[in-house]
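J.: A structural model of the following input is requested.
(chains A and B)
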Amino acid sequence: MNTISIPLLIVIPLGTAFLIPLIARKKRFIADILGSAATLALLVLSILLFRYQGVYSIGGWEPPIGISWVQDGFSNLMLVIVSLISFCATLFSVQYMERYTSKHKYYSLFLLMVTGMNGVILTGDMFNLFVFLEIAAVASYALVAFGGEHEELEASFKYLVLGSVGSSFILLGIALLYGMTGYLNMAAIANNLPDSNTMLLMLATVFFIVGFGIKAALVPFHAWLPDAHPSAPAPISAMLSGVLIKALGIYALTRILFNVIGVSKLYGGVLITLGTLSMVIGVFLAVGQWDFKRLLAYHSISQMGYVVLGLGIGGYILASDGNIHAGTLAILGGLFHLTNHSVFKSLLFLCSGSIEYSTGTRELKEMGGLGTRMPVTRATCTIASLSIAGVPPFNGFWSKLLIVIAAIQGGYHWLAVITILVSFVTLISFLKVLRYTFLGELPEFLKQIKESPKSMLAPLIILAILCMGMGLLLIPGIKEVILDPASAVLIKGAQYAQDALVLH
Amino acid sequence: MVKKLFVIIVLIGLAVFFYGMLSSFSGNETLNMSAAYYAENGAEEVGAANLVTAIVVTYRGLDTLGEVTILFLTAAIAAFFLKSKDNFSKRKVKESSELLKTASSMLVPLIFTLGIYVFVNGHLTPGGGFQGGAILASGLVLLLLSEPLQKVNSVLFAVVESISGLFYVGIGVAGIFLAGGFLDNSILPLGEFGTLLSAGALPVIYILVGLKVGSELSGLLTKFQETQEEN
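T.: Numbering: from 1, shown residues only, chains lettered A, B, ... in the order given. Just a heads-up that it's a prediction; the model follows:
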C-alpha cells in the first residue's frame, strides 16, 4: 500500500499548487476547495501511513546511489503534525484571506510550503533535504510579505537575508560531508564518516548548528522571527510558528546530529546552552510586548528553547553513558513538547487572527471586554494560554513536567529550576494577554463587533480539544504507539544508518 | 572608521582560521564512491549519452523536480510583488535603431530554434532543459529590446508553466504504476543508445523542463517590461 501512497505526500500538494493558478485564477471558491481538499487528503494520508515504517527509493534507484525517503517513527510523527496544522490553517484561511487579493497565489504558495516541509521530513538524502528546505523557505519569505505593506516587506526582507545566510551554512556543511564521504545518502554518510572527530567534521557540525539554528530561531540566531511571524497573515503565522521552524530547524538539526553525525557530549552541551538561552531570553523579551502577535512570536523562541533543552539533555546523557532512563525521558519530553507546541501555538496565532478579523487591531492596549462578544475565541484562547503556561491538565503541562523530571534525574537541578521559573513568567505574560483582551471595559469603537464566522471558529475548536486531550498521549498503551517510536529513533542514534539502507 | 577596522580584523582572523583548518585538506585524487558508480553504470542503466543529464534527471530526479519548483516559486513571487501598470504601452520610449530591429527579426527565430534544440537533445549533447529554457527567454529579451512596447501575452506563459509542471508530476506518478517507483524514467523504452528517442522518459522530462523554465523566465521578463519606470 505505501509504495503507492508515500509519493502522494509530495504529489498532492505539489500538483495542487501547479493546478490552482491554472483553474482558480478567476474563481476564488475553487482555490478554497482545492486548498482545503489537498490538506485534508494529506491529513488522512499521514494518519493512515502512521503505522508503517520503511525506506522508499525514488525512481527505483536503490540507496545509497539514488534518493531515498525514510519513513520512521520520528518522520511519521512530524508528518501528522504538519498535516494537522496545515489543515486547520487552510480551513481558517477560507474566510480570513477574503480581505487579501489573489487568493489563488496564496494557496499555491501555502501548498508549496507544505510540499517543502513534507520533503524535508521524509528525505534520507542530504542534498534533497537542502532542495526541499529551500522550497519551504522561499515560499515562507513570500507569505510573510503577503499583505504587501511597507512593514511586512521589511520584515520579509530581513527574514530572507537571514534565512539565506542560514541556507548557505547548511549547504556548506552538506558539501563538507559529501567531500569527506563521497555519499549524499544520510545513512551512507553516517557509515563512512571518519572515526576520529576531525576538525573538518566539527566545522561541518558547527555550520549545521548555525544554519539550522537560524531556521529554528534559537537565541542568538533569532533576530528575524519577532518581525517575520507577526507580519504574516494569521494562518501563516500559525504555520510558521507551529510547524515551519520545527520541520526546517529542529527536526532537520536533530536528524543530522543524532542520526548522521552522532551526538557527543560537546554537541549535547551546545544544545543545552542554546535551549536555555532561548528559553530565558525569549520569555523576558515576550513579557513586555503589547502587540499580541509579536508577544506570541517571542514566546515561540522561548518554547523552542524547551524542546531543544529536552533534546540536548537527552543527547548529553546518552553520549556520556549516564542514566539511560533520564535520557530517554528527556528526549521524549522534548518531542512531546514539540508536538504540543505546534498545537497550542498555532491555536494562539489563529485566535489572534480571529480577534484581528473582528476588531482590526493587534494592540493589546486598545482591546478589552471582548469576552462577552467573542465567547468561542475567548474560551479557546484561554485554553491555549493555560497550555503554553504549563497549567495542568492541559498538554503543555505534561511535556514540561517530563523535561523537568528528566533534568532532575539527570542531575541538572538548576536547569529544572530555570525551566519552572520560565514557566511562571510565561503564565504571567499570558494572564496579561487574557486580562487586556477579554476582560475589562469594551472600548467605544468596538461596540459593534461580532464573533468571527463559523468556518474560522471550527479550527479553533478542533485545536482547543486537542490541547485538552493530548495529555492522554502519555497513557501507557497510547504512548507506545505514538510517541515512543519517535523518541526511539533518536535514542538509537547510529542504528538509523543500518535501518535506512534496507529496503522494505 | 573604528567599525571598519574591526570588520577587517575579524575578516582576517576568519581567513587565518579557515586557512589553518583547510591547509591540510587534499582533494580526492580518484572519483568518490557515488561518482564512480555513475561513471561506470550510468550509460548502461539510463541510456543517455550525456551523463550529466542522466544523473540530474534520473538518479537525482527528485532534486530536479524540486529545483524547477523553486524557479516556479521565485517567478510567481516576483510577479506578485511587481505591481504592473495598465498604461505601460502609452509611455514614451526611444525608437530602437534600424540595425537592432533588422538583426532581431533575423536572430530571434534562430535563437528560439537553438533553445528548442538544446532541450530536445538534452540527453545527447551538452545542455538540457534549464539551459534551453534560458536560451528561449533570451530570444524574448532581444524581441523586447527591438520593440519595447510590444504586448506580450503573459497569461500564456503562466498556463504553459503550470501545465508543464503538472505533466512533470504526472510522469512521476506514472512511474509508480508502470515502472519501479515515483519519477522512474523507464516508463518508456530505453531505446538505442545515442539516438533522439532514447533514455526512456528523459527527453520528455527535459522538454517539459525546457518549456517550464522558458515560460517562467519569459513571464518574469514581461513583468519587468510592464513595471519599468522611464526617467
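J.: which ones are touching residue B:54?
T.: Neighbour list for residue B:54: B:38, B:42-43, B:46, B:48, B:123, B:199, B:202 [criterion: C-beta atoms under 8 Å, 6 or more residues apart in numbering or on different chains]. In this view, the C-beta of every residue, glycine as well, is placed from N, C-alpha and C.
J.: Chain A: which of those is nearest?
T.: For these, the closest approach to chain A (C-beta to the nearest C-beta) belongs to residue B:38, at 7.8 Å.
J.: Tell me the secondary structure at the closest one.
T.: Classification of residue B:38 using DSSP: H, G, I helix; E, B strand; the rest coil returns helix.
J.: tell me the mean pLDDT over stretch A:260-272?
T.: In this model, stretch A:260-272 has a mean pLDDT of 90.
J.: and that stretch, which residues are buried?
T.: Residues A:260-264, A:267-268, A:270-272 are the ones in stretch A:260-272 that count as buried (16 or more other C-beta atoms under 10 Å in any protein chain shown).
J.: now, the most widely separated pair of the residues you listed?
T.: Across the buried residues of stretch A:260-272, the longest distance by C-beta to C-beta is 20.2 Å; it joins A:260 and A:272.
J.: Identify the residue nearest residue A:47 in space, chain neighbours excluded?
T.: Nearest non-adjacent residue to residue A:47, counting by C-beta to C-beta, 6 or more residues apart in numbering or on different chains: residue A:80, 6.2 Å away.
J.: Oh, that last question was meant for residue B:120, not what I typed.
T.: Closest residue in space to residue B:120, ignoring its immediate chain neighbours: residue B:207 at 6.2 Å, by C-beta to C-beta, 6+ apart.
J.: Spit out the contact partners of the single nearest residue of the stretch 101-250 of chain A relative to chain B.
T.: Nearest residue of the stretch 101-250 of chain A to chain B (C-beta to the nearest C-beta) works out as residue A:182 at 2.8 Å. By C-beta under 8 Å, 6+ apart, the contact set of residue A:182 is A:192, B:28, B:32-35.
J.: are any of those residues buried, and which?
T.: Neighbour counting over the contacts of residue A:182 (16+ other C-beta under 10 Å) leaves A:192, B:34 as the buried ones.
J.: least confident pick among the contacts of residue A:182?
T.: When the contacts of residue A:182 are compared by pLDDT, residue B:28 scores lowest at 68.
J.: Would you point out which residue of chain B is nearest chain A?
T.: For chain B, C-beta to the nearest C-beta, closest residue to chain A: residue B:180, 2.3 Å.
J.: what about that residue, which helix or strand?
T.: Here residue B:180, judged by DSSP states H and E, is contained in no helix and no strand.
J.: Name the nearest residue to it, sequence neighbours excluded.
T.: The shortest distance from residue B:180 to any non-neighbouring residue, by C-beta to C-beta, 6+ apart, is to residue A:60 (2.3 Å).
J.: where in the chain is pLDDT low?
T.: Going with chain A. A:1-3, A:196-197, A:503-504 (pLDDT under 70).
J.: other chain: chain B
T.: Checking chain B against pLDDT under 70 turns up B:25, B:27-28, B:83-91, B:228-231.
J.: 80 instead, please
T.: B:21-30, B:42-49, B:82-95, B:122-123, B:148-152, B:154, B:178-181, B:183-201, B:225-231 (pLDDT under 80).
J.: Now for the residue nearest to the spatial centre of it: which residues touch it?
T.: In chain B, the residue lying closest to the centroid (C-alpha atoms, centre = their mean) is residue B:130, at 2.4 Å. By C-beta under 8 Å, 6+ apart, residue B:130 lies in contact with B:67, B:209-210, B:213.
J.: next one: residue A:71
T.: A:2, A:6, A:49, A:52-56, A:122.
J.: again, but for residue B:129
T.: Residue B:129 sits next to B:119, B:122, B:205-210, B:212-213 when contact means C-beta under 8 Å, 6+ apart.
J.: And for residue A:453?
T.: Neighbours of residue A:453 in contact, by C-beta under 8 Å, 6+ apart: residue A:95.
J.: can you check residue A:483 too?
T.: If you count contacts by C-beta under 8 Å, 6+ apart, residue A:483 has them with A:77, A:332, A:335-336, A:339, A:473-474.
J.: Could you count how many residues lie near residue A:86?
T.: Residue A:86 is flanked by 29 other residues according to other C-beta atoms under 10 Å in any protein chain shown.
J.: What of the one 3 residues further on?
T.: By the other C-beta under 10 Å criterion, the neighbourhood of residue A:89 contains 28 residues.
J.: Can you classify residue A:321 as helix, strand or coil?
T.: Recorded secondary structure, residue A:321: coil (three-state DSSP).
J.: Excluding sequence neighbours, find me the nearest residue to the residue of the stretch 351-500 of chain A at minimum distance from chain B.
T.: Minimum separation of the stretch 351-500 of chain A from chain B (C-beta to the nearest C-beta) falls at residue A:497, amounting to 15.0 Å. Nearest residue to residue A:497, sequence neighbours excluded (C-beta to C-beta, 6+ apart): residue A:190, at 3.8 Å.
J.: Neighbours of that neighbour, how many?
T.: Residues near residue A:190, counting by other C-beta under 10 Å: 24.
J.: Please verify my assumption that it contacts residue A:499.
T.: No: Residue A:190 is not in contact with residue A:499 according to C-beta atoms under 8 Å; the separation is 10.8 Å.
J.: re the thing from before, so the residue nearest to the centre of chain B is in which element?
T.: Counting by DSSP H and E, residue B:130 is part of helix B:129-146.
J.: Starting from that helix, tell me the next helix or strand along the chain.
T.: Next element after helix B:129-146 (DSSP H and E): helix B:154-178.
J.: Which secondary structure elements does that following helix sit against?
T.: Secondary-structure packing of helix B:154-178 (3 or more C-beta pairs under 8 Å, 6 or more residues apart in numbering or on different chains; DSSP states H and E): helix A:2-5, helix A:8-23, helix B:61-81, helix B:202-227.
J.: now those in TSV, with distance to residue A:326 and mean neighbour count?
T.: Shown next, in TSV, are these (distance: least, C-beta to C-beta, whole Å; neighbours: other C-beta atoms under 10 Å in any protein chain shown):
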stretch	distance to residue A:326	mean neighbour count
helix A:2-5	35	15
helix A:8-23	35	23
helix B:61-81	39	22
helix B:202-227	52	23
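J.: dump the residue contacts of the residue nearest to residue B:180.
T.: By C-beta under 8 Å, 6+ apart, the contact list for residue A:60 reads A:66, B:175, B:179-181, B:184, B:186.
J.: Mind jotting down where the strands sit in the stretch 51-200 of chain A?
T.: Along the stretch 51-200 of chain A, the segments classed as strands by DSSP state E, counting those that start in this stretch run A:54-57, A:68-71.
J.: Need the winner for burial among those.
T.: Burial of those is given as mean neighbour count (mean count of other C-beta atoms under 10 Å in any protein chain shown); strand A:68-71 ranks first at a mean of 25.
J.: For the stretch 51-200 of chain A, which residue gets nearest to chain B?
T.: residue A:60 (2.3 Å).
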